[in-house]
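Student: Here is a sequence together with a model predicted from it:
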Amino acid sequence: MPKKVTIYTDGACSGNPGIGGWGCILFYGDISRKLSGGELSTTNNRMELTAAIEALKALKVPCEVELYSDSSYTVSAFTERWVYYWEKSGWRKADKKPVLNDDLWKELLSLTRTHKVTFHKVKGHSDNEYNNLCDELARQAITDLKKTQS
């Protein structure tokens, strides 16, 4: 029986593109783990995807995951099944244009084949304490990166 894990993720960017940060919190029973990081030149969408990827990469064994994100971009790609269409279409959208961030989509899709992931959309910057904490982690990563640049 796979371990049941709950994950919250968020990404942020100072400028878009600009310095970006991501944050996530993983819960397994009474154990929680916070992770965060950032990049000097990125976009908000890349940071949202990176948060989900890094959270899933932190799992050591295949798990059953409830993943919560305020990113419609990330959640809808799975709940509306766009990511499977893109994969089948050679990472092209319905308009035949290339899918942006296909490197991250491929990695995230691969991780969802290791773990059983159910994606949930939460309202950002609202009353969800864990989403708010992930936002703080992402923004702190941006602040930390800016300090290294000055």
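Tutor: Perfect, thanks for sending it. Residues are numbered from 1 along each chain as shown.
Student: In which helix or strand does the most centrally placed residue in the chain reside?
Tutor: The residue lying closest to the centre of the chain (CA atoms, centre = their mean) is Ala52, at 2.7 Å. For Ala52, the element it lies in under DSSP states H and E is helix 44-57.
Student: which parts of that helix are buried?
Tutor: 44-56 (16 or more other CB atoms under 10 Å). All C-beta spots, glycine's among them, are computed from the backbone N, C-alpha and C.
Student: quick check: mean pLDDT across it?
Tutor: Across helix 44-57, the average pLDDT comes to 98.
Student: Name the residues that touch it?
Tutor: Residues from elsewhere that reach helix 44-57 (CB atoms under 8 Å, 6 or more residues apart in numbering): 7, 9-13, 16, 20-24, 26, 35, 37-39, 65, 67, 69, 71, 73-74, 100-101, 104-105, 107-108, 111-112, 114-115, 117, 134, 138.
Student: now those: which count as buried?
Tutor: For the contacts of helix 44-57, buried by 16+ other CB under 10 Å: 7, 9-13, 20-24, 26, 35, 37-39, 65, 67, 69, 71, 74, 101, 104-105, 107-108, 111-112, 115, 117, 134, 138.
Student: What about Lys97, how many residues nearby?
Tutor: 8 (other CB atoms under 10 Å).
Student: Now it. Its backbone dihedrals?
Tutor: Backbone torsions of Lys97, given as degrees, to the nearest 10, read phi -80, psi 150.
Student: got it, and Gly29?
Tutor: The phi/psi pair for Gly29 (degrees, to the nearest 10) is phi 60, psi -130.
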